[in-house]
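A.B. asks: sequence below, structure please.
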Amino acid sequence: MTCGTPTAFNLPAGTGAWSNGPYGTPGNEVVYLYTATVTGNYNVSVTNNGGASWVDLFYKQASLGCGSTGWTYVNDNYLGTETQTVSLTAGVQHYFMLDAYRDWE
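C.D. replies: The predicted model follows:
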């Protein structure tokens with residue numbers, strides 16, 4: 001990923017297994033791996049066009065594994081675009097997870 005280049009995707013169909021959100025609601029999860037090239041703050045924007053359901057954003061260092069524990073909750077988004085800032089260290093791999101509350105997102 002190039003700094004400042006948006007990456008768009010749709011959450012796939014299916015059912016999720018994790019319940020990481022503040023409300024403990026399982027949904028569809030998508031997990032991405034990202035390695036920062038520069039230490040600093042990164043803006044992460046999430047656009048939810050589905051409406052009628054929330055999408056939660058989490059992240060953690062990849063060295064902690066991809067299991068359901070250790071995620072840092074960043075924000076949830078109901079509709080539209082929300083941008084949050086996370087601090088990353090150059091050369092450290094991080095997982096970013098989007099967790100939709102419903103199966104159709």
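
A.B. asks: which stretches of this protein form strands?
C.D. replies: For the chain, the strands defined by DSSP state E cover 28-35, 40-48, 55-61, 72-77, 80-88, 93-100.

A.B. asks: quick check: can you name the pairing partners of the fifth one and their directions?
C.D. replies: Okay, so that is strand 80-88. Sheet pairing of strand 80-88 (DSSP bridges) gives strand 40-48 (antiparallel).

A.B. asks: residues in contact with the strand it pairs with?
C.D. replies: Contacts made with strand 40-48 from outside it, assessed by Cβ atoms under 8 Å, 6 or more residues apart in numbering, are listed as 6, 8, 36, 54-55, 57, 74-75, 77-88, 96, 98, 105. Every C-beta, even on glycine, is put in place using the N, C-alpha and C of the backbone.

A.B. asks: rerun at 7 Å
C.D. replies: 36, 55, 57, 77-88, 98 (Cβ atoms under 7 Å, 6 or more residues apart in numbering).

A.B. asks: now that strand against strand 28-35, angle please.
C.D. replies: Strand 40-48 runs at 160 degrees relative to strand 28-35, counting by axes from the mean of the first three to the mean of the last three Cα atoms, to 10 degrees.

A.B. asks: so for strand 40-48, what gets flagged as buried?
C.D. replies: Residues of strand 40-48 classed as buried: 42, 44, 46, 48 (neighbour count, 16 or more other Cβ atoms under 10 Å).

A.B. asks: just these now: which is nearest residue 70?
C.D. replies: Minimum distance to residue 70 across the buried residues of strand 40-48 is 18.1 Å, recorded for residue 44 (Cβ to Cβ).

A.B. asks: average pLDDT for stretch 93-105, rounded please.
C.D. replies: Stretch 93-105 shows a mean pLDDT of 72.

A.B. asks: that'll do, ta.
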